[in-house]
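K.L.:
missing the sequence, but the structure's below:
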């Protein structure tokens with residue numbers, strides 16, 4: 001395997017987005033979420049003394065809220081790296097104006113790109129199943145916009161949507177909307193490599209080994225649990241105009257030195 005003779009020495013990272021970037025559902029023992037952005041920051045901090053990190057992401061945020069609430073803060077911080085993942089929550093709404101979503105994503109990129117050394121965009125992963133099939137056209141329209149903006153503004157695109165490994169339902173939490181720790185670990189690896197670092201896991205795209213599928217009874221029990229605990233509350237929030245992130249602060253609002261902890265991988 002070839003190595004990068006001069007890996008980049010980025011000194012700061014600001015993550016912008018929704019629950020995906022907040023880290024759901026990579027749950028820590030204290031009940032908080034870690035996720036790919038924290039895992040990436042830990043790797044960068046281990047390489048670069050004094051590395052600083054902010055995570056402005058809040059679960060449930062739509063692209064308009066990301067543009068209004070997070071983008072100005074991220075641009076003002078002027079970090080070396082900004083990651084932006086947004087718009088997917090919009091595509092999952094019953095009514096979605098994709099022209100408006102594309103315009104807002106364009107606004108976000110145009111404001112962030114001049115204020116960092118490297119802007120990272122993503123084609124988000126999707127769990128295999130009927131939800132992905134239903135919303136695939138909107139998602140792919142969003143990802144086409146991501147590709148166009150990246151080409152125009154010299155941004156990096158991390159293609160998670162094209163990775164079959166991340167479509168595996170076993171890498172998704174029981175809510176069927178958020179990745180498990182293993183899923184987030186693979187995303188962190190993908191971004192790490194996209195930033196020019198040597199691979200620590202060259203096989204992150206490799207699907208999990210095949211296992212016998214759950215039986216009919218186990219699938220029905222899982223479906224009932226999913227409907228009661230996650231689907232019905234999600235529908236109720238959509239009908240009442242509420243969000244799971246209402247009233248929640250940014251995960252890590254200030255650009256401060258990242259201190260490695262025992263929870264961080266070696």
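P.N.:
Yep, it's here. If you're wondering where the values come from, they're calculated on a predicted model, not measured in any experiment. Numbering: from 1, shown residues only.
K.L.:
how about residue 99, secondary structure?
P.N.:
Using DSSP: H, G, I helix; E, B strand; the rest coil, the three-state assignment for residue 99 comes out as helix.
K.L.:
what pLDDT does it get?
P.N.:
Note for residue 99: predicted pLDDT of 98.
K.L.:
neighbours of it, just the number please.
P.N.:
Burial of residue 99 is recorded as 9 neighbouring residues (other Cβ atoms under 10 Å). C-beta coordinates here come from the backbone N, C-alpha and C atoms, glycine included.
K.L.:
Residue 202 versus that one, what's the distance?
P.N.:
Applying Cβ to Cβ, to the nearest Å, one obtains 39 Å for the distance of residue 99 from residue 202.
K.L.:
now residue 128
P.N.:
23 Å.
K.L.:
Contacts only, for the residue nearest to residue 12 when sequence neighbours are not counted.
P.N.:
Distances taken as Cβ to Cβ, 6 or more residues apart in numbering place residue 79 nearest to residue 12, at 3.8 Å, with adjacent residues excluded. Listed by Cβ atoms under 8 Å, 6 or more residues apart in numbering, the contact set of residue 79 reads 12, 13, 14, 52, 54, 116, 255.
K.L.:
doesn't residue 126 make contact with residue 136?
P.N.:
Yes - between residue 136 and residue 126 there is a contact under Cβ atoms under 8 Å: 7.4 Å.
K.L.:
How is the residue nearest to residue 12 classified with respect to secondary structure?
P.N.:
coil.
K.L.:
Any buried residues in stretch 63-81, and which?
P.N.:
Residues of stretch 63-81 classed as buried under the neighbour-count rule (16 or more other Cβ atoms under 10 Å) are 63-67, 70-71, 73-75, 77, 79-81.
K.L.:
any idea how far residue 107 is from residue 64?
P.N.:
On the measure of Cβ to Cβ, residue 64 and residue 107 end up 10 Å apart.
K.L.:
which element is the residue of the chain most remote from its centre on?
P.N.:
Most distant residue from the mean C-alpha position of the chain: residue 217, 32.6 Å away (Cα atoms, centre = their mean). Residue 217 is part of helix 216-226, with elements assigned from DSSP states H and E.
K.L.:
ok, now residue 188?
P.N.:
helix 181-194.
K.L.:
Does anything pack onto that helix? Which helices or strands?
P.N.:
Counting contacts by 3 or more Cβ pairs under 8 Å, 6 or more residues apart in numbering; DSSP states H and E, helix 181-194 packs against helix 36-47, strand 118-123, strand 156-159.
K.L.:
mind putting the ones you listed in CSV, distance to residue 211, mean pLDDT and mean neighbour count included?
P.N.:
CSV is the format used below for the helices and strands packed on helix 181-194 (distance: least, Cβ to Cβ, whole Å; pLDDT from 0 to 100; neighbours: other Cβ atoms under 10 Å):
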stretch, distance to residue 211, mean pLDDT, mean neighbour count
helix 36-47, 24, 97, 23
strand 118-123, 27, 98, 23
strand 156-159, 26, 98, 18
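K.L.:
show me what contacts residue 104?
P.N.:
By Cβ under 8 Å, 6+ apart, the neighbours of residue 104 are 63, 64, 67, 87.
K.L.:
Check the spacing between the residue lying closest to residue 19 once chain neighbours are set aside and residue 201 real quick.
P.N.:
Nearest residue to residue 19 in three dimensions, chain neighbours excluded: residue 59, at 3.6 Å (Cβ to Cβ, 6+ apart). Relative to residue 201, residue 59 is positioned 27 Å away (Cβ to Cβ).
K.L.:
Who has more neighbours out of these two?
P.N.:
Using other Cβ under 10 Å as the criterion, residue 59 and residue 201 rank with residue 59 on top: 22 against 14.
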